[in-house]
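[1] no FASTA, just this:
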């Protein structure tokens, strides 16, 4: 195991819960966080709404086609000329706000290279815009990455810039509380299954939303498909009959 891999392994807590995640997001000492875990458990929700968000939150979901210019800013036509508009990262740096980057593992090399001087220590982080203006992060600026994958495949130097790497595997309790008791009980049981059999929290919340209009059976079919929906419907039906007995 390389020294870098050893560092990343040591930097991940095996007992991370959402209380700790929210403490990290609230800390004024931490300005770069890599938060990863299974899909649909509330990572983006927590990054958007918890911790130091008083200066605002800018959010970007990255793909292989996302150019760095989309994050930095670009020139827009205006009359006979062009006007510069800052992108979300430039705005967050100037305002001391939070920027949330979803799916960094899908980002292009262009975006990864752009992030190097941004996820730096406060003393050295800065970028020069095409306007020739050089900007440094205002106090409060932070970068929160949410992903399904650990940062192992990122360039080592970029991995090293994240001050905290946290893995969460359980759904956020506030989201679970939005489920009615019968769905909540089955959802909690499903979260303990292997990854390929788990039902994401998004699926349960959508089922909760559709059930009053479509009924339980059709909602399961619409959200989960024929085979999986039938299994979930039967499990819920069996659970309800057991509680009534």
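    Looks like it came in fine. In this text the structure is predicted, and so the values were computed from the model without any measurement.

[2] give me phi/psi at residue 118?
    Backbone torsions for residue 118, taken as degrees, to the nearest 10, come to phi -90, psi -40.

[3] in contact with it, which residues?
    Remark: with contacts taken as Cβ atoms under 8 Å, 6 or more residues apart in numbering, residue 118 is in contact with 89, 93, 125, 127, 137, 143. C-beta: built from backbone N, CA, C; applies to glycine.

[4] same thing with residue 84?
    So residue 84 contacts 73, 74, 75, 76, 129, 130, 131 (Cβ under 8 Å, 6+ apart).

[5] can you do 6 Å?
    Residue 84 sits next to 75, 131 when contact means Cβ atoms under 6 Å, 6 or more residues apart in numbering.

[6] before we move on, what about the one 5 residues further on?
    The neighbours of residue 89, taking Cβ under 6 Å, 6+ apart as the test, are 71, 99.

[7] surely it forms part of a strand?
    No. Secondary structure assignment places residue 89 outside any strand; it is helix (DSSP: H, G, I helix; E, B strand; the rest coil).

[8] now it: how far from residue 124?
    With the distance defined as Cβ to Cβ, to the nearest Å, residue 89 ends up 16 Å from residue 124.

[9] equivalent analysis for residue 188, please.
    Separation of residue 188 from residue 124 (Cβ to Cβ): 45 Å.

[10] so if I had to pick from those two, which one is more boxed in?
    Neighbours of residue 188 and residue 124, each counted by other Cβ atoms under 10 Å, are more numerous for residue 188; the result is 14 against 8.

[11] quick check: chain neighbours aside, which residue is closest to the more buried one?
    residue 176 (7.0 Å; Cβ to Cβ, 6 or more residues apart in numbering).

[12] and for residue 56?
    Taking Cβ to Cβ, 6+ apart, and ignoring the residues beside it in sequence, residue 56 has residue 97 as its nearest neighbour in space, at 4.2 Å.

[13] circling back: by neighbour count, which of the contacts of residue 118 wins?
    In terms of neighbour count, residue 89 stands highest of the contacts of residue 118 at 27 neighbours, by other Cβ under 10 Å.

[14] about what we covered before: quick one: which of the contacts of residue 118 is nearest residue 111?
    Of all the contacts of residue 118, the one with the least separation from residue 111 (Cβ to Cβ) is residue 89, at 9.9 Å.

[15] returning to what we had before: can you flag which of the contacts of residue 118 belong to helices?
    With helices taken from DSSP state H, the overlap with the contacts of residue 118 comprises 89, 93.

[16] farthest-apart pair in the contacts of residue 118, please.
    Checking those with Cβ to Cβ, the most distant pair is 127 and 143, at 12.7 Å.

[17] what comes into contact with stretch 102-116?
    Around stretch 102-116, the neighbours that count as contacts under Cβ under 6 Å, 6+ apart are 44, 61, 62, 63, 64, 66, 67, 68, 145, 146, 147, 149.

[18] fine by me, thanks again.
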